[in-house]
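Student: for reference, the sequence and a predicted model appear below.
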Amino acid sequence: MPCLEPHLAGRGRLQVSVRVADKCAMSVTTSVANASARELQSLVEQIPAVTYIADFDGSFRLRYVSPQCKTILGYDPQEWVADPEAWVSALDPQDRDRVVAEAEACIAAARPFDFEYRMRTPDGRVVHVWEKTSFVRDAAGNPVAVNGVMLDVTDLKLALEALREQEQALEAERARYEAELERQLEERLYQASHDELTGLPNRRSFNSELARLFEQREPTALLLLDLNKFKEVNDLLGHVSGDHLLSAVASRFGRLRRSQDFVARIGGDEFAILLRSVDSIEEAIAVAERFGRALTDPFSINEKLIYVGASIGVALYPNHGTTHDELLHHADAAMYTAKGAKSGSTPLGAISIHQSPDTAGQVTSQTSAIRSAVLPPST
């Protein structure tokens, strides 16, 4: 039989060599792993964020917290590992209940964290933190540990807040600018449509209103009213007093008009009054007399009592005209008829209705009891 001892001796040496090689490989692997772990730890501890590892078995227990906890938040990382309440105590009181509730909900549902909150450093400084986690899972997919990162986003939050405040300031400035533009537009529209002296609508507004009434085909009475001897007021007392008188007359007319009436100053001492829904001569005369009587009491202008009269011409739409020019022409003619009315030797205020076939025999030169004169203050 062949001798097997040399062969057996060689096998023993081979087995010893394999065991030695295995130990060397394990040693090398362990050294590499330790070196990798050190390098990884060194890398983790260089990033500008707090990192941590926590065991997870239905609860949450910190096992490792990086040194940045001290540099960023001012807390010793080992204190957080040793005291489960240390992290909760460091939360800003205004955020604590919300953050704890969110964390507990994530733990109960085995759901990663991803939220922002504020923390208070030991010296009272506020740090805005963004925390995000991921799970380490076993072969069955169950979470067994948590890797977390806490980023200091204070500068970003402050920059965003400053940007938001700047946007709000710009929005407020834009709103003020638009409001001022709107105010100026309204002011210019008002100035374009109103008499600067009396504040009443001007001729342009009167023309627009009359056109609108024509479009609506609404029965309307037009009164044209001219102050008697207004020129004498200007000549005797000056144009300033005349302006004050016009403003006072406009104020009386404004108080007298009905809500549906339209009163305008269309030039000089001439006023136009549109009476909506008036289709009878009698009603138009009644309103005209009311405006005439409004001038009965004297006006006190610069310590002088001024008495003025009025001549009023009346025309009805559609009875006396169906166009702007036609109705205005007939009311103007009626006003001049009233202006020529006499009572004794003293010109009086008067009302005249435009004469047309359907109003023949009803034309009137009724006089008002308003004497046109300028009198000194009574003593």
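Tutor: The structure has been received and is ready for your questions.
Student: domain parsing for this structure?
Tutor: Using automatic domain parsing, the domain parsing of the chain gives 46-152, 203-375.
Student: next one: the first one to chain centre, how far?
Tutor: Meaning domain 46-152. 43 Å (Cα atoms, centre = their mean, to the nearest Å).
Student: return the most buried member of the domains of the chain.
Tutor: Highest mean neighbour count of the domains of the chain: domain 203-375, a mean of 18 (counted as mean count of other Cβ atoms under 10 Å). (Glycine included, C-beta is placed from N, CA and C.)
Student: what mean pLDDT does that one have?
Tutor: Averaged across domain 203-375, pLDDT comes to 82.
Student: stretch 70-88 now?
Tutor: The pLDDT scores in stretch 70-88 average 94.
Student: and the contacts of that stretch?
Tutor: 48-50, 52, 61-67, 69, 90, 96, 100, 119, 121-123, 125, 127, 150, 152 (Cβ atoms under 8 Å, 6 or more residues apart in numbering).
Student: try 6 Å
Tutor: 50, 62, 65, 69, 121-122, 152 (Cβ atoms under 6 Å, 6 or more residues apart in numbering).
Student: export those residues to CSV and tack on secondary structure and distance to residue 247?
Tutor: Formatted as CSV, the contacts of stretch 70-88 follow (DSSP: H, G, I helix; E, B strand; the rest coil; distance: Cβ to Cβ, whole Å):
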residue, secondary structure, distance to residue 247
50, strand, 77
62, strand, 84
65, strand, 83
69, helix, 79
121, coil, 71
122, coil, 74
152, strand, 70
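Student: sorry, back to before: save the domains of the chain as TSV, and put in distance to residue 166 too.
Tutor: Converted to TSV, the domains of the chain look like this (distance: least, Cβ to Cβ, whole Å):
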stretch	distance to residue 166
domain 46-152	19
domain 203-375	44
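Student: all helices for the stretch 101-250 of the chain, in order.
Tutor: Secondary structure of the stretch 101-250 of the chain (DSSP state H, counting those that start in this stretch): helices at 154-193, 203-216, 230-237, 239-256.
Student: just send those back as JSON lines, with distance to residue 320 too.
Tutor: Shown next, in JSON lines, are the helices of the stretch 101-250 of the chain (distance: least, Cβ to Cβ, whole Å):
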{"stretch": "helix 154-193", "distance to residue 320": "26"}
{"stretch": "helix 203-216", "distance to residue 320": "13"}
{"stretch": "helix 230-237", "distance to residue 320": "26"}
{"stretch": "helix 239-256", "distance to residue 320": "23"}
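Student: to residue 115, which of the ones you listed lies closest?
Tutor: helix 154-193 (13.5 Å; Cβ to Cβ).
Student: so which other helices or strands are in contact with that closest one?
Tutor: strand 126-137 (3 or more Cβ pairs under 6 Å, 6 or more residues apart in numbering; DSSP states H and E).
Student: how near is residue 289 to residue 311?
Tutor: 13 Å (Cβ to Cβ, to the nearest Å).
Student: next one: phi and psi at residue 279?
Tutor: In terms of degrees, to the nearest 10, the main-chain angles of residue 279 are phi -130, psi 10.
Student: ok, now which ones touch residue 106?
Tutor: Contacts of residue 106 by Cβ under 6 Å, 6+ apart are residue 113.
Student: and if you look at residue 266?
Tutor: 203, 206, 272.
Student: do the same with residue 172
Tutor: Neighbours of residue 172 in contact, by Cβ under 6 Å, 6+ apart: none.
Student: can you show me the strands along the stretch 1-150 of the chain?
Tutor: 49-56, 60-65, 114-120, 126-137, 143-152 (DSSP state E, counting those that start in this stretch).
Student: spatially nearest residue to residue 132 (excluding sequence neighbours)?
Tutor: Spatial nearest neighbour of residue 132, excluding adjacent residues (Cβ to Cβ, 6 or more residues apart in numbering): residue 114 at 5.1 Å.
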